[in-house]
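Engineer: next one to model:
(4 chains)
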Protein chains: 2
Amino acid sequence: MKQAKKQRLEAVGWKVGDVSEFLSLSAADSALIDVRMQLAKELRKHRVGHRLTQTAVAHRIGSSQSRVAKMEAGDPSVSLDLLVRTLLASGTSGTVIANAFVAATPRRRTARRSA
Amino acid sequence: MKQAKKQRLEAVGWKVGDVSEFLSLSAADSALIDVRMQLAKELRKHRVGHRLTQTAVAHRIGSSQSRVAKMEAGDPSVSLDLLVRTLLASGTSGTVIANAFVAATPRRRTARRSA
DNA sequence: GCGATGCATGTCACTATTGACATATGTCGG
DNA sequence: CCGACATATGTCAATAGTGACATGCATCGC
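Structural biologist: The predicted structure is shown next:
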């Protein structure tokens, strides 16, 4: 894993061991984290775009301002469930959410003809 | 909510109250359940397609056969996190996962020009 | 200055989700 | 019939996620 990315993740609270590439973080795990980050960004974008406060969004989903803040910060203590639920509840289209998945997920290397 | 769908959900263990349309299940909640169902189906398809047993998949993600069974059954006791993590770990492309989201999410009614 | 507002961060008691295990059901081949 | 295998379902102790709350730090308008 690149240093830059590692530090980016650790800054937000994800535990990324020294040997992360092989032990702590499987490819799937790290892809999932990326998805979360994407969704977090999407949530903030959507919220700000609609000129809502975190408190407003929180009420809409029956949660609290602090949790919404954590969602947008990509805090490890928020589940994918909650993130997606919040996005849907605040009116983000499934397509946008879907895009976050493609964007955050490693594209398969396009196979080069070997012969 | 349609009777058919309601029964389908209850059969798998989701609690869907009588007044679900208005109280128990918000649109977002029910959309999220649909997403889970889609992903569950996708997981089974992928696994069977690759001729893996549930036990094999379980080992790959450090879980147990019973949990994989529950995942594929769309059991409410499995989180979206686990479901997605499993899909990614077993090699499902982000695109496929993304499609589940668009498929399961209510499309916005295409606005008809009013004048 | 100061009160109000919006966001970030830490903590905590309560609940949901977890892997593991036992066990039931079915389906093969012999 | 009987083992071996694949899957389904229920349970449980351990852990992870939850909303709520306190509090800190900016940035406003006055």
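Engineer: quick check, central residue of chain A?
Structural biologist: For chain A, A:Arg36 is the residue whose C-alpha lies nearest the centre (C-alpha atoms, centre = their mean; 1.5 Å).
Engineer: do you know how far the closest residue to DNA strand C within chain A is from B:Leu83?
Structural biologist: Here chain A gets closest to DNA strand C at one residue, A:Ser66, 2.9 Å apart by C-beta to the nearest atom of the strand. In short, each C-beta sits where N, CA and C put it, glycine included. Counting by C-beta to C-beta, to the nearest Å, the gap from A:Ser66 to B:Leu83 is 27 Å.
Engineer: out of the two, which sits in the busier spot?
Structural biologist: B:Leu83 (24 against 12; other C-beta atoms under 10 Å in any protein chain shown).
Engineer: any part of the helix or strand harbouring that one near DNA strand C?
Structural biologist: Here B:Leu83 sits within helix B:80-89, counting by DSSP states H and E. Yes - contact of helix B:80-89 with DNA strand C (C-beta under 7 Å from any atom of the strand) involves B:81-82.
Engineer: same thing with stretch A:27-46?
Structural biologist: No - judged by C-beta under 7 Å from any atom of the strand, stretch A:27-46 and DNA strand C are separated, with a smallest distance of 7.7 Å.
Engineer: any bit of that stretch sitting next to chain B?
Structural biologist: Yes - contact of stretch A:27-46 with chain B (C-beta under 8 Å from any C-beta of the partner chain) involves A:27-29, A:31-32, A:35.
Engineer: of the residues you listed, the lowest pLDDT goes to which?
Structural biologist: Looking at the residues of stretch A:27-46 next to chain B by pLDDT, the weakest one is A:Ala27, with 81.
Engineer: for that residue, which non-adjacent residue is closest in space?
Structural biologist: A:Pro106 (7.1 Å; C-beta to C-beta, 6 or more residues apart in numbering or on different chains).
Engineer: buried ones in the lengthiest helix in chain A?
Structural biologist: The longest helix of chain A (DSSP state H) is helix A:27-49. Neighbour counts over helix A:27-49 (16 or more other C-beta atoms under 10 Å in any protein chain shown) mark A:28-40, A:42-44, A:46-47 as buried.
Engineer: do stretch A:62-78 as well
Structural biologist: Result for stretch A:62-78 [16+ other C-beta under 10 Å]: buried residues A:63, A:67-68, A:70-75, A:78.
Engineer: which residues are in contact with that stretch?
Structural biologist: Applying C-beta atoms under 8 Å, 6 or more residues apart in numbering or on different chains, the contact partners of stretch A:62-78 are A:12-15, A:36-37, A:40, A:43-44, A:47, A:53-55, A:57-58, A:82-83, A:86.
Engineer: before we move on, the earlier item: also within reach of DNA strand D: list those from the buried residues of helix A:27-49.
Structural biologist: Applying C-beta under 7 Å from any atom of the strand to these, none is adjacent to DNA strand D.
Engineer: which secondary structure state is assigned to A:Thr92?
Structural biologist: coil (DSSP: H, G, I helix; E, B strand; the rest coil).
Engineer: that one contacts A:Lys45, doesn't it?
Structural biologist: No - judged on C-beta atoms under 8 Å, A:Thr92 makes no contact with A:Lys45 at a distance of 9.2 Å.
Engineer: what sits against A:Phe101?
Structural biologist: A:35, A:38, B:94-95, B:97-98, B:101.
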